[in-house]
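A.B. asks: would you be able to build a 3D model of this:
(one chain, ligands or ions: 1)
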Amino acid sequence: MSYTALYRRYRPDNFSGLVGQTHIARILAVAVSRGNFVHAYLFCGPRGTGKTSAARILARAINCQNPQPDGNPCDNCPSCLRVKEGGSMDIIEIDGASNRGIDEIRDLRERVKYSPAQEKYKIYIIDEVHMLTNDAFNAILKTLEEPPAHVIFIFATTAPHKLPLTVLSRCQRFDFRRIGEPEIKDHLLNIAAAEQISIKDDAAALIAKKADGGMRDAVSLLDQCAGAADGPIDTDAVSALLGIVDRSFILKLRDHLLDGDISAILVDVNQLILSGKDLRQAVVDLCETLRDGLLAKLADEKASSYPVSVWLKRLSALADTDNKLRYAASPRITMELALIKACDIKETPPPPINLDSTRTAFSAAQTPAPTTDTDKSKFKKTKSVYAQSQAGHSTALPPNSGDIGGQTRQPITTGATSGAKDLATLWPSILKRIEKLNTSTFFRVENCRPIQNCADELLLEFPLDRPGDVTYVMENIDQRATLDAAIFQVCGKKYRLQARLGDFNAPIEEADEVLPSAPVFDESDGETEQKTLF
Ligand SMILES: [Zn+2]
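C.D. replies: Now for the predicted structure:
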């Protein structure tokens, strides 16, 4: 005997069985019990929410010769029996998606004027009606304008906005909702009990969650799990089938994200990629835990030690990553970028900078860095003061000279330089090499300005708003090693590395196409990284 998919076997066959759509079932049942019908119904809503099932039940109930007081079809009258035994001649289903309905609609135009063969009404159920061609719509519209008394249309669509207004305005519209997780879960457990499928409660809840409001998907997932499982279906089995990342891992990643711990995040991403899990699914799960955390915090201040703004920033920065990953040439880089950006580095107070050089006498720790929005105005003043103090290396522009957005940064060479190719000219190649070796280093230095102080020393100027990067790059052994290696590979010799914060409102010579553009420090929106990283 051939296997019938669970979702077919457990399709609802009366209004009471329409899980999650009681608001619609009630209205339709009342209409049936009163014999009160319109000529066109429109069922809209996401896939798998019961539109087609509801259309079939309604069609059966309309033609039932003995409808029940609650509006449900009787299942025993000749009309009900005809449907049960393979379909009634007067209930015609057309799939708008299959051949776009041209032939069937042409046929419909001819036959719609004849009375029903056996039943009270001739009922056309047109699924995915938005897929019909314009010609087909025009044909339907002609009928809708002057509908014969014995004809009823039931349209179903996931995209009502694609229907012509002339059709929409002639229908009684019902909007099917996504079905709630508890309702889906209960339904799954009922089916499992009837089918003697052993499934744990939390596994059913997980399927319900992943089905995103669609009952058909949920039941299909249950079907697949039952087929794959030996023993009771648990969350591990469901996770494996869906490529879901372990929840404890997602929570760990979430905590690293909240802490802004970029090195830990990069390790996590690496682990994800090595495990071969679906990155998009991981991002979706991560966003869900962030959303849960945000809602908990909003409901109860004591729910977490992180302020609402941190939850909100992390979540909104990641909200679109799932989509970006779909088209990403390098999912790893897209994922890393999104997570780093979500950390909103500016927000963490910079640790004191302790450089190993005496030449870079300037200490960023003495300069108040922008830590919060209120600090930014203070920071604005500091910026121009600092620019003047750095005039020895670069001439500061007057404060009103505007920002340098859109222009590119030019390497500066001062003091003694060696030979034909100095280090500043080689910087673009060095950057490329760094990107290959270690993306995390690359993100931190890509906006740096290289200055060659003398034959064997490279001074990296970091943007004023990135003091954390100076410390990180200079004090982290891996980061330093990456820089040293990249420089050595390109230049064939070692350089002594220095770093400091620099003001880039300095004279810009001619544009250099290879170097990335400078960040625009904008006090108003704080979206600096976004402009440069993406
Ligand atoms: Zn009946």
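
A.B. asks: what strand or helix carries the closest residue to Ser88 other than its chain neighbours?
C.D. replies: Leaving aside its chain neighbours, Ser88 sits nearest to Arg82 (4.5 Å; criterion: Cβ to Cβ, 6 or more residues apart in numbering). Glycine gets a C-beta too; all of them are placed from N, C-alpha and C. Counting by DSSP states H and E, the element that carries Arg82 is helix 78-84.

A.B. asks: quick check, Leu251 in a strand?
C.D. replies: No: counting by DSSP: H, G, I helix; E, B strand; the rest coil, one finds Leu251 to be helix, located in no strand.

A.B. asks: pLDDT score assigned to it?
C.D. replies: Looking at Leu251, its pLDDT stands at 92.

A.B. asks: and for Tyr386?
C.D. replies: Looking at Tyr386, its pLDDT stands at 34.

A.B. asks: same thing with Lys493?
C.D. replies: For Lys493, the predicted pLDDT is 78.

A.B. asks: so who does the nearest residue to it once chain neighbours are set aside touch?
C.D. replies: Using Cβ to Cβ, 6+ apart and skipping the chain neighbours, the partner closest in space to Lys493 is Asp456 (7.7 Å). If a contact means Cβ atoms under 8 Å, 6 or more residues apart in numbering, then Asp456 has 493-496 as its contacts.

A.B. asks: ok, back up a step: and the helix holding Arg82 with the ion, contact?
C.D. replies: Yes: among the residues of helix 78-84, Cys80 lie within reach of the ion under Cβ under 5 Å from the ion.

A.B. asks: give the buried residues for that helix.
C.D. replies: Neighbour counts over helix 78-84 (16 or more other Cβ atoms under 10 Å) mark 79-80, 82-83 as buried.

A.B. asks: and those residues, which is closest to the ion?
C.D. replies: Comparing the buried residues of helix 78-84 against the ion with Cβ to the ion places Cys80 closest, at 3.3 Å.

A.B. asks: would you check that the closest one makes contact with Cys74?
C.D. replies: Yes: using Cβ atoms under 8 Å, Cys80 is in contact with Cys74, at 5.7 Å.

A.B. asks: after the helix or strand harbouring Leu483 comes which helix or strand?
C.D. replies: Element membership of Leu483 [criterion: DSSP H and E] is helix 477-491. Heading C-terminal from helix 477-491, the first helix or strand you meet, by DSSP H and E, is strand 496-502.

A.B. asks: what angle separates that following strand from helix 477-491?
C.D. replies: 110 degrees (axes from the mean of the first three to the mean of the last three Cα atoms, to 10 degrees).

A.B. asks: what pairs with strand 496-502, parallel or antiparallel?
C.D. replies: Strand 496-502 pairs in its sheet with strand 457-463 (parallel), by DSSP bridges.

A.B. asks: tell me how far the helix or strand just after the strand it pairs with lies from the chain's centre.
C.D. replies: Going down the chain from strand 457-463, the next helix or strand is helix 467-475, by DSSP H and E. Mean-position distance between helix 467-475 and its chain equals 32 Å (Cα atoms, centre = their mean, to the nearest Å).

A.B. asks: what mean pLDDT does helix 467-475 have?
C.D. replies: 80.

A.B. asks: returning to what we had before: got a winner among the contacts of Asp456 for most neighbours?
C.D. replies: Tyr495 (21 neighbours; other Cβ atoms under 10 Å).

A.B. asks: buried residues in the helix or strand where Ala237 lies?
C.D. replies: In this structure, Ala237 sits in helix 235-242 according to DSSP H and E. Burial within helix 235-242, assessed by neighbour count using 16+ other Cβ under 10 Å, is assigned to 235, 237-239, 241-242.

A.B. asks: could you export these as CSV, including distance to Glu446 and pLDDT?
C.D. replies: Putting these into CSV (distance: Cβ to Cβ, whole Å; pLDDT from 0 to 100) gives the following:
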residue, distance to Glu446, pLDDT
Thr235, 41, 89
Ala237, 44, 87
Val238, 41, 89
Ser239, 37, 85
Leu241, 40, 82
Leu242, 36, 80
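
A.B. asks: distance to Gln68 added to those, as JSON lines?
C.D. replies: Converted to JSON lines, the buried residues of helix 235-242 look like this (distance: Cβ to Cβ, whole Å):
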{"residue": "Thr235", "distance to Gln68": "41"}
{"residue": "Ala237", "distance to Gln68": "41"}
{"residue": "Val238", "distance to Gln68": "38"}
{"residue": "Ser239", "distance to Gln68": "43"}
{"residue": "Leu241", "distance to Gln68": "40"}
{"residue": "Leu242", "distance to Gln68": "40"}
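
A.B. asks: quick one: those residues as CSV, columns for distance to the ion too.
C.D. replies: Converted to CSV, the buried residues of helix 235-242 look like this (distance: Cβ to the ion, whole Å):
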residue, distance to the ion
Thr235, 43
Ala237, 42
Val238, 40
Ser239, 45
Leu241, 40
Leu242, 41
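
A.B. asks: which one of these is nearest Leu253?
C.D. replies: The closest of the buried residues of helix 235-242 to Leu253 turns out to be Ser239 (Cβ to Cβ; 15.6 Å).

A.B. asks: state the number of residues packed around the residue of the stretch 201-350 of the chain found nearest the ion.
C.D. replies: The ion sits closest to Met215 of the stretch 201-350 of the chain, with a gap of 25.1 Å, by Cβ to the ion. Neighbours of Met215 under the rule other Cβ under 10 Å: 28.

A.B. asks: ok, now Leu144?
C.D. replies: Neighbours around Leu144, by other Cβ under 10 Å: 18.

A.B. asks: quick one: the nearest residue to Ala136 once chain neighbours are set aside from Val32, how far?
C.D. replies: Spatial nearest neighbour of Ala136, chain neighbours left out: Ile105 (4.1 Å); criterion: Cβ to Cβ, 6+ apart. Here the criterion is Cβ to Cβ, to the nearest Å. By it, Ile105 lies 27 Å from Val32.

A.B. asks: now Arg480
C.D. replies: For Arg480 relative to Val32 (Cβ to Cβ), the value is 77 Å.

A.B. asks: the two - which one has more neighbours?
C.D. replies: The neighbour comparison of Arg480 against Val32 (other Cβ under 10 Å) goes to Val32, with 23 against 14.

A.B. asks: got a list of what that one touches?
C.D. replies: 58, 61-62, 64, 67, 71-72.

A.B. asks: out of these, who's nearest Thr441?
C.D. replies: Leu58 (63.3 Å).

A.B. asks: looking at it, that closest one is touching Gly50, isn't it?
C.D. replies: No: Leu58 lies out of contact with Gly50 (Cβ under 8 Å); the separation is 11.4 Å.

A.B. asks: give me the residue at the spatial middle of this structure.
C.D. replies: Asp322 (3.5 Å; Cα atoms, centre = their mean).

A.B. asks: many thanks, I have nothing further to ask.
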